[in-house]
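J.: Return atomic coordinates for the entry below.
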Amino acid sequence: MTVQYIKTHAAGLLAAGGVLLGAAAHADTLPTSAPAAQVAPADSPLSDATRAQRLMAARIGLRTFTSAGFHAGTVRHIVLLRFLPTITDAQRAEVVRRFMALRQISRREDGAPVISTIETGAQISGEGADEGLQQAFVVTFRSEGDRNYYVGRPVVTDPAYFDPAHEAFKKFAAPYVIATVVFDYAVPPAAPQRDAPIKPVRAQAPQPQG
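T.: This is a model prediction of the structure:
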């Protein structure tokens with residue numbers, strides 16, 4: 001199943017951080033505990049994909065919805081960021097570093113890794129269609145369940161079923177980010193490769209000469 005959602009939420013990110021830009025300087029260590037579950041405000045716009053995911057989670061339960069084996073298969077999670085205009089190079093580098101560190105520290109209670117791979121890069125396109133977005137991350141998961149556990153809110157609001165490391169990163173990065181675009185999709189399984197049938201070659205008897 002392909003899941004797609006796009007969200008641009010400057011105010012939402014700042015509110016989620018709960019701190020001003022200057023306060024981020026005190027976040028020298030990444031918190032390890034997630035705050036209590038919060039319900040999104042009633043007036044927050046939700047995409048059709050978010051509603052569909054919430055309905056599915058309610059129907060099958062969060063334990064199944066966030067399990068490693070739920071809808072196994074490669075899932076790409078693309079995150080595009082636009083930073084605060086006053087961000088310093090050091091602050092931007094720290095946001096990128098902490099995001100990339102999630103590859104190692106995002107783990108389940110049994111120690112199993114949540115993320116398969118992460119790539120990142122700064123925007124270098126000259127097409128003029130970047131909407132001011134500056135940094136991209138491509139996160140790959142082994143299943144939708146791993147993606148669901150990693151993403152957490154707004155679909156999964158119970159801290160027992162989402163990644164505390166990712167939640168901590170979002171709170172750290174919020175004061176530095178003014179817009180985010182997220183797009184997920186499931187990679188279709190590759191068609192099995194079949195060897196071409198070998199045609200038998202018939203030996204030809206030599207023709208008599210003369």
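J.: For stretch 60-70, buried residues please.
T.: By neighbour count with 16 or more other Cβ atoms under 10 Å, stretch 60-70 contains the buried residues Leu62, Phe65, Thr66, Ser67, Ala68, Phe70. Bear in mind the C-beta positions are built from the backbone N, C-alpha and C, glycine included.
J.: and the longest helix along the chain, C-alpha only, in CSV?
T.: Counting by DSSP state H, the longest helix found in the chain is helix 89-105. The C-alpha trace of helix 89-105 is given here as CSV (Å, rounded to 0.1, in the frame of the first residue of the first chain):
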residue,chain,number,x,y,z
ASP,A,89,26.1,27.0,9.8
ALA,A,90,26.9,25.2,13.0
GLN,A,91,23.3,25.0,14.0
ARG,A,92,22.3,23.6,10.6
ALA,A,93,25.1,21.1,10.7
GLU,A,94,24.0,19.9,14.2
VAL,A,95,20.4,19.4,12.9
VAL,A,96,21.7,17.3,10.0
ARG,A,97,24.1,15.4,12.3
ARG,A,98,21.3,14.5,14.8
PHE,A,99,19.0,13.4,12.0
MET,A,100,21.7,11.1,10.5
ALA,A,101,22.4,9.7,14.0
LEU,A,102,18.8,8.3,14.1
ARG,A,103,20.1,5.5,11.9
GLN,A,104,22.0,4.2,14.9
ILE,A,105,19.9,5.3,17.9
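J.: what's that helix packed up against?
T.: strand 72-83, strand 117-122, strand 135-143, helix 164-173 (3 or more Cβ pairs under 8 Å, 6 or more residues apart in numbering; DSSP states H and E).
J.: Gly111 is nearest to which of the ones you listed?
T.: Across the helices and strands packed on helix 89-105, Gly111 has its closest neighbour in helix 164-173 (12.7 Å, Cβ to Cβ).
J.: angle of the closest one against strand 135-143?
T.: Angle, helix 164-173 to strand 135-143, by axes from the mean of the first three to the mean of the last three Cα atoms, to 10 degrees: 170 degrees.
J.: CA atoms only for helix 164-173, dumped as PDB, please.
T.: Extracted C-alpha coordinates of helix 164-173, given in PDB (Å, rounded to 0.1, in the frame of the first residue of the first chain):
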ATOM      1  CA  PRO A 164      11.500   8.300  21.600                       C
ATOM      2  CA  ALA A 165      14.700   9.100  19.700                       C
ATOM      3  CA  HIS A 166      12.900  10.500  16.700                       C
ATOM      4  CA  GLU A 167      10.400  12.400  19.000                       C
ATOM      5  CA  ALA A 168      13.400  14.000  20.800                       C
ATOM      6  CA  PHE A 169      15.000  15.000  17.500                       C
ATOM      7  CA  LYS A 170      11.800  16.700  16.300                       C
ATOM      8  CA  LYS A 171      11.700  18.800  19.500                       C
ATOM      9  CA  PHE A 172      15.400  19.700  19.100                       C
ATOM     10  CA  ALA A 173      15.000  20.700  15.500                       C
END
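J.: what angle separates that helix from strand 72-83?
T.: 10 degrees.
J.: If you average the pLDDT over stretch 76-96, what comes out?
T.: Averaging pLDDT along stretch 76-96 gives 98.
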